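*Asks:* Let's see this in three dimensions:
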Amino acid sequence: MHDHFHDHAPATPAGKAAPHPLLTRLEVEFGWPRLRSLSDVAEFTTRPGAHCLFIPGDPARNLETADAAVILPELRMVFQHAFDCALVDDAIEANLRETHKALKTPGYLFFHQGRYLGAVEKVRDWDDYLTRITHILGLAAA
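*Replies:* A predicted model of the protein is given here:
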């Protein structure tokens, strides 16, 4: 007799896998919006200030997605809330990645009042995040 363990995410009524709990945490605990359309992206990124769009990728295939979901709130605190954050829905993820040439996931795309500033793709060393995000946020003043 063999016991088989199947590590599958529970299905939602539409047959899609349920969202990863760490991604859900960003919406529920931190109150970050999930941007489901390009008009949502435009509305969010044109607000005053700096903004970070989190493109998670597929958490079932990319193990870095969960790490990135934990890292971004920590980065936001380190940068003293210099930017607000939103989660990009998988329905528009590919379009945004292609538009901004940020093809690797997970990715953080930064904007300032509608202007794309740059991206940090894949999970990085902590110092690399600090250096890259400092540089990207500095572009907002340029």
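
*Asks:* going forward, measure contacts between C-alpha atoms and count neighbours the same way
*Replies:* Will do.

*Asks:* what's the longest helix in this protein?
*Replies:* In the chain, taking DSSP state H as the definition, the longest helix is helix 64-78.

*Asks:* which helices and strands sit right next to whichever helix or strand comes after it?
*Replies:* Once the chain leaves helix 64-78, the next helix or strand it forms, by DSSP states H and E, is strand 83-88. In this structure, strand 83-88 packs against strand 34-35, strand 50-55, with contacts taken as 3 or more Cα pairs under 8 Å, 6 or more residues apart in numbering; DSSP states H and E.

*Asks:* Extract the C-alpha set from stretch 33-43 and format it as CSV.
*Replies:* Provided in CSV are the C-alpha atoms of stretch 33-43 (Å, rounded to 0.1, in the frame of the first residue of the first chain):
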residue,chain,number,x,y,z
PRO,A,33,-4.8,46.7,-4.1
ARG,A,34,-4.8,44.0,-6.7
LEU,A,35,-4.6,45.7,-10.1
ARG,A,36,-6.7,43.7,-12.5
SER,A,37,-6.7,45.9,-15.6
LEU,A,38,-4.3,48.4,-17.4
SER,A,39,-6.7,51.2,-16.4
ASP,A,40,-6.2,50.1,-12.7
VAL,A,41,-2.5,50.4,-13.3
ALA,A,42,-2.8,53.8,-14.9
GLU,A,43,-5.0,55.1,-12.1
